[in-house]
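*Asks:* Sequence plus predicted model, see below.
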Amino acid sequence: MHVIATAGHVDHGKSTLVRALTGMEPDRWAEERRRGMTIDLGFAWTALPSGAEIAFVDVPGHQRFVPTMLAGVGPVPAVLFVVAADEMWARQSDEHLAALTALRVRHGVLAVTRSDLADPARATAEAVRRIRSSPLGDIEAVPVSGVTGVGLKQLRAALDRMVAEIPAPRANKRVRLWVDRAFTIRGSGTVVTGTLASGTIHRGDELQVAPRGHPVRVRAVQTLMRPVEQESAVARVAVNLRGMDVSEVHRGDAVVSIGGWRNTCCADVRIDALDVATRLPRELVLHIGSAAVSVAVRRLGADTARLTLAAALPLQPGDRGLLRNPGEKHIVSGVVFLDVAPEPLLRRGAAAARALSLTDMTGSIEPADEVRRRGAVQRGEFAKWGVVLHPAAVPAGAIAVGDWLVSAARWAQWVDQLTAAVDDHALHHPLRGGMSEEAARHAVGILDAQLFRAVVAGSPTLESQAGVVRRVGVMPSFTPSARAAMDEVRSRLRHQPYDAPRGTDLDRLGLTEPVLTAAARHGLLLALGSGIYLLPDVEAMALPLLGALPQPFSLAEARDALGARRRIVVALLEHLDARGLTRRAGAAGRIVVT
């Protein structure tokens, strides 16, 4: 199937021509037929002489309904441009051509209608001349009358030639259906229609409605009023959705693959100026797909800008849209999306630097360039940008860690920043002898724990133990008196390993809680809680003695075997239990776990 939008000034015969080509009434509302003017999107379809099926999206031509026209044209790759022979080129002809130019529509046929009422030669010559400078180029023109039928055969042949030149859509498993209508059918529930621009929809699929992410199941799919098991882009489809009320879905929403698209609120774009204006208004409306969203515009470079969207949309690099000034009622420019996940512009001069980095970007994603540009990218992001990356593939110049791809430059930068952060922390907190992993991750900006640990492991000067990052071999900076006191305690414990110093002894030696905590953190002492400190190798010394007792053994038996005070034995056994080296057996006994 091929989807074609109509375009042209109000009352130039677009709907009449579609009716004559298809035998169907594109104007759905009685008000449209009464007024003889399309005010909403209409749809009709037919088969061409070659057998190719085409579906028309018939758009309104009146200036008041330009947003509706753009909703119809947005997702469509080809156009039937209509100019009336008796009225010639008119105001909305210009605006519709501007929209097609902004969207870079390259395939079309010109139908010069009412050729039974006036000589079509002048209207044809003028229209061909105006259209020639657009992406449509030298368009084929056909004089026709939707009333008498003159030229319809030739128009069908021209449409056949045009659709034969439309390239097949790029294979893409990710669904994106821009919604242009939503309604209910008794017994079926919510139905949405639109132009399926990407992917294949199957009956039974689990999808979601963007940008809110509401999950839905596809109950049924129709195309051209026929039920089908599946339909692929580009196509006109009606989809019956389960799990969503019709009041929750609107024109401009998109039915998409779950997790397959990034909902974008901020994007960097390249501008295709139509008005040759040197200044972009700060507030405009972005039209893309069937959506129309207010955007704040920040100029970056001569042909680049940052758009901040009032509502998120499922977008990818390479998407095309247009900016319209609703106040002055004209199209300002076309845009191509370069980056749908740009970093914030926080520093002075960041906008100019960003403009420079966008210079060579086209909207086509090259994984190696993207990793180099961003520094670090999760593999899943490439899928959301429409790039299929093999799970084992590592782009040139990248370092793979789990789901992350990191550039060599960013990796080196992280190591340098982390080393500096650890050194600064050690300078201001000498007794801690290291920095907690959580604090270090936030200081450097590596929030993924697996990635952070890989960076530490890859540094020749850093190590991480028990959740603390420090320089390799670096110990707390004890004062000479604290070091001497620590040596005295350790010497005493080597001779009497279970005779933990009392609190009064620690106070006399000047061993304060921060000093003792630092000693325990770095393996100089083992803290058992409640102010009890022993040597770290006490486990290896105690277990053979406890293992030699009849199993299970009591607290009293353990106290006699170790020759220690009851308070110390209780703390030591609880420590061994927590480590899984001993465990309780019965009401008053324990066993050594072998």
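*Replies:* Everything's here; your move.
*Asks:* Can you give me the buried ones in stretch 283-300?
*Replies:* 284-293, 295, 297-300 (16 or more other Cβ atoms under 10 Å). Using the backbone N, CA and C atoms, a C-beta is placed for each residue, glycine as well.
*Asks:* Now do that stretch: distance from first to last residue.
*Replies:* 15 Å (Cα to Cα, to the nearest Å).
*Asks:* what's the spacing between that stretch and its chain's center?
*Replies:* 18 Å (Cα atoms, centre = their mean, to the nearest Å).
*Asks:* R122: what's its closest spatial neighbour, skipping adjacent residues?
*Replies:* Leaving aside its sequence neighbours, R122 sits nearest to M88 (Cβ to Cβ, 6 or more residues apart in numbering; 6.8 Å).
*Asks:* Report the separation between that neighbour and S198.
*Replies:* Distance of M88 to S198, given as Cβ to Cβ, to the nearest Å: 38 Å.
*Asks:* Then T16?
*Replies:* To S198, T16 is 32 Å away according to Cβ to Cβ.
*Asks:* Next: V3.
*Replies:* The gap separating V3 from S198 is 13 Å, by Cβ to Cβ.
*Asks:* for S15, same thing?
*Replies:* Per Cβ to Cβ, S15 is found 28 Å from S198.
*Asks:* Over to K153?
*Replies:* For K153, the distance to S198 equals 34 Å [Cβ to Cβ].
*Asks:* Name the residue in these two with the higher neighbour count.
*Replies:* The residue with more neighbours, out of K153 and S198, is S198; 26 against 12, by other Cβ atoms under 10 Å.
*Asks:* Is it correct that that one is in contact with R174?
*Replies:* Yes: between S198 and R174 there is a contact under Cβ atoms under 8 Å: 5.9 Å.
*Asks:* Find the residues that touch each one of these two.
*Replies:* The overlap between the contact sets of S198 and R174 (Cβ atoms under 8 Å, 6 or more residues apart in numbering) is empty.
*Asks:* what kind of secondary structure is V191 in?
*Replies:* Look at V191: counting by DSSP: H, G, I helix; E, B strand; the rest coil, its state is strand.
*Asks:* Hmm, S145 and L155 touching each other?
*Replies:* No: contact between L155 and S145 fails when scored by Cβ under 8 Å: they sit 10.3 Å apart.
*Asks:* for the record, mean pLDDT for stretch 293-306?
*Replies:* Mean per-residue pLDDT for stretch 293-306: 92.
*Asks:* Would you quantify the distance from the residue nearest to R122 to D253?
*Replies:* Distance from M88 to D253, by Cβ to Cβ: 39 Å.
*Asks:* Between the two, which is the more surrounded one?
*Replies:* D253 (26 against 18).
*Asks:* Run through the residues that contact the more buried one.
*Replies:* 179, 209-212, 291.
*Asks:* one more time with 10 Å
*Replies:* D253 makes contact with 177-180, 182, 192, 194, 209-212, 214, 289-291, 311, 313-314, according to Cβ atoms under 10 Å, 6 or more residues apart in numbering.
*Asks:* can you list the domain ranges for the protein.
*Replies:* Split into domains by automatic domain parsing, the chain comes to 2-165, 176-257, 262-364, 365-474, 489-592.
*Asks:* Now do the second one: distance from first to last residue.
*Replies:* Criterion Cα to Cα; first-to-last residue distance in domain 176-257 is 7 Å.
*Asks:* roughly how far out does that domain sit from the chain middle?
*Replies:* Centroid separation between domain 176-257 and its chain, computed with Cα atoms, centre = their mean, is 21 Å.
*Asks:* Over it, what's the mean pLDDT, rounded is fine.
*Replies:* For domain 176-257, the mean per-residue pLDDT is 90.
*Asks:* Please apply the same query to the first one.
*Replies:* If you average the pLDDT over domain 2-165, you get 80.
*Asks:* ditto for the last one
*Replies:* Domain 489-592 comes out with an average pLDDT of 89.
*Asks:* What's the end-to-end length of it?
*Replies:* Using Cα to Cα, first and last residues of domain 489-592 are 29 Å apart.
*Asks:* quick one on the thing from earlier: figure out which of the domains of the chain is closest to P480.
*Replies:* The minimum distance between P480 and these falls on domain 489-592, with 11.2 Å, by Cβ to Cβ.
*Asks:* Can you verify my assumption that H575 contacts Y533?
*Replies:* No: between H575 and Y533 there is no contact under Cβ atoms under 10 Å: 11.8 Å.
*Asks:* between these two, what contacts are shared?
*Replies:* Between them, H575 and Y533 share the contacting residues 526-527, judged by Cβ under 10 Å, 6+ apart.
*Asks:* Just give the number of residues close to G149.
*Replies:* 11.
*Asks:* Kindly apply the preceding question to L509 instead.
*Replies:* Look at L509: counted by other Cβ under 10 Å, it has 17 neighbours.
*Asks:* Now do the strands in the stretch 351-500 of the chain.
*Replies:* For the stretch 351-500 of the chain, the strands defined by DSSP state E, counting those that start in this stretch cover 376-378, 398-401, 404-407, 435-436, 462-465, 468-471.
*Asks:* now those in a markdown table, with distance to S134 and mean neighbour count?
*Replies:* Converted to a markdown table, the strands of the stretch 351-500 of the chain look like this (distance: least, Cβ to Cβ, whole Å; neighbours: other Cβ atoms under 10 Å):
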| stretch | distance to S134 | mean neighbour count |
| --- | --- | --- |
| strand 376-378 | 37 | 19 |
| strand 398-401 | 41 | 18 |
| strand 404-407 | 40 | 22 |
| strand 435-436 | 60 | 20 |
| strand 462-465 | 59 | 17 |
| strand 468-471 | 60 | 22 |
